[in-house]
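Enquirer: okay, here's the prediction I keep looking at, along with the sequence it came from:
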Amino acid sequence: MNRHLRCLCRRDNRLPWFAILLALLVANAFFKHAHAAPVRAIATPADTLVQMDHISVQVLGRGSPVVLIPGLSSPRATWDGVVPELIRSHRVYLVQVNGFGGEDPRGNLQPGILDGIVADLHTLIATRKLGAVPVVGHSMGGLVTLMLARAHPGDVQKALVVDALPFIGTLFAPAATPESIRPQAEMMRAQMTSLYGKPIPEQVGRMIARQNALKPASQETVAGWSARADMRVSGQALYEDMTTDLRPVLPKILAPITVLVPWTEARGGEEKVLGLYRAQYAGAPNATIRGVGDSGHFLMLDQPAVFERALMTFLN
């Protein structure tokens, strides 16, 4: 692990969980892809899986539509815990970024992954005539949700952002800008993409999991997800995430935004962590920040009942 990662880990009590995930994913150089569990094919009729250039979308249930977008290196299985309840009253569009979950990268081996995801989502919403829909995004998926709401206001009725900031760069340096953080982002992208297909020890994958989930079962799940991601896609997506600053355009996003923020006392306590998020979302005219205690970055795994209640409250 390089010096930057060691420094970041030493001060991780000051950072939200997802920032640690982004940095530690570089250490995936030591987690062997061959150790990952085999990827299961989606056992659904062909017309329930929409394949696009940058994403695939599994469509389940009947009722009013809702779109769910997972985060960096994460598959659509991120939402498995809430899908059974959701499909009782909603048409659920489960997004997966191509290259994650063991799937073919398709168009995501080129720059412009985040913009490509936004374009595919807009196409999906337009061609299916969904109108303005609730959109839920975790981590990088939360950033994509904000990008979609800015680029296509008519697509997003309201947004539920799960542990994501409009600009992650300030977590590496408080006065960071996209330009100042670019060299660091380029270095991390190069490190990650160079790891594609290389063998890595399992212990580092487990370290990533421990930094981003509290429960042992949650950690096991996160480690498996990280192992299945195409590191070329993860590296480029991380670079784009780090160099995207949406704070200047937040005043133009009029859709209501609810931000769920995990916190623990060990990470600085509720007020300190939520204060950081309130500062970043200060420009959003309709943003509400809500804390979820005793949880890591994957709060849908660590606090499934709390997350399900928050999600259903958001939708209803």
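Expert: Yes, it's here.
Enquirer: and the closest residue to residue 210 other than its chain neighbours, how many neighbours?
Expert: Nearest residue to residue 210, sequence neighbours excluded (CB to CB, 6 or more residues apart in numbering): residue 219, at 5.6 Å. Where you see a C-beta, it was placed from the backbone N, CA and C, and this is true even at glycine. Using other CB atoms under 10 Å, residue 219 is surrounded by 23 other residues.
Enquirer: from residue 49, how far out is residue 115?
Expert: Using CB to CB, to the nearest Å, we find residue 115 at a distance of 23 Å from residue 49.
Enquirer: show me where this structure has strands.
Expert: Assigned by DSSP state E, the chain shows strands spanning 49-51, 55-60, 64-69, 90-97, 133-138, 156-162, 257-263, 287-293.
Enquirer: list the helices and strands the first one packs on?
Expert: To tie it back to what came earlier, the one meant is strand 49-51. strand 55-60 (3 or more CB pairs under 8 Å, 6 or more residues apart in numbering; DSSP states H and E).
Enquirer: can you read off the pLDDT for residue 305?
Expert: Note on residue 305: pLDDT of 98.
Enquirer: typo on my end, residue 207
Expert: Confidence score, pLDDT, at residue 207: 76.
Enquirer: what does residue 197 give?
Expert: 86.
Enquirer: swap in residue 41?
Expert: Model confidence at residue 41, given as pLDDT, is 34.
Enquirer: and for residue 203?
Expert: 70.
Enquirer: right, and the residue nearest to residue 210 touches residue 209 too?
Expert: Yes. Counting by CB atoms under 8 Å, residue 209 is a contact partner of residue 219 at 3.7 Å.
Enquirer: tell me the backbone dihedrals of residue 62, please.
Expert: The phi and psi values for residue 62, taken as degrees, to the nearest 10, are phi -140, psi 150.
Enquirer: which residue packs closest to it, ignoring adjacent ones?
Expert: residue 91 (5.9 Å).
Enquirer: any low-confidence regions in this structure?
Expert: Residue ranges of the chain with pLDDT under 70: 1-47, 199-202, 204-206.
Enquirer: burial count for residue 282?
Expert: 11.
Enquirer: err, residue 305, not the other one
Expert: 8.
Enquirer: residue 184 now?
Expert: Count around residue 184 with other CB under 10 Å applied: 18.
Enquirer: mind listing what the residue most central in space within the chain touches?
Expert: What sits nearest the mean C-alpha location of the chain, by CA atoms, centre = their mean, is residue 71, with 1.9 Å. Residue 71 makes contacts with 18, 78, 137, 138, 139, 140, 141, 142, 164, as judged by CB atoms under 8 Å, 6 or more residues apart in numbering.
Enquirer: redo that, cut-off 7 Å
Expert: Counting by CB atoms under 7 Å, 6 or more residues apart in numbering, residue 71 makes contact with 138, 139, 140, 141.
Enquirer: among the residues you listed, which lie within helices?
Expert: Of the positions in the contacts of residue 71, 140, 141 sit in helices, assigned by DSSP state H.
Enquirer: could I get the contacts of residue 71 as CSV with neighbour count and distance to residue 83?
Expert: CSV is the format used below for the contacts of residue 71 (neighbours: other CB atoms under 10 Å; distance: CB to CB, whole Å):
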residue, neighbour count, distance to residue 83
138, 28, 14
139, 30, 18
140, 29, 20
141, 24, 15
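Enquirer: can you pull the contacts of residue 293?
Expert: 263, 270.
Enquirer: so the residue nearest to residue 210 touches residue 213, yeah?
Expert: Yes. Using CB atoms under 7 Å, residue 219 is in contact with residue 213, at 4.8 Å.
Enquirer: what's in contact with stretch 139-150?
Expert: Identification of contacts with stretch 139-150 by CB under 7 Å, 6+ apart yields 18, 69-72, 114, 117-118, 121-122, 135, 137, 155-156, 159, 161-164, 166, 237, 241, 244, 246, 249, 252-253, 255, 297.
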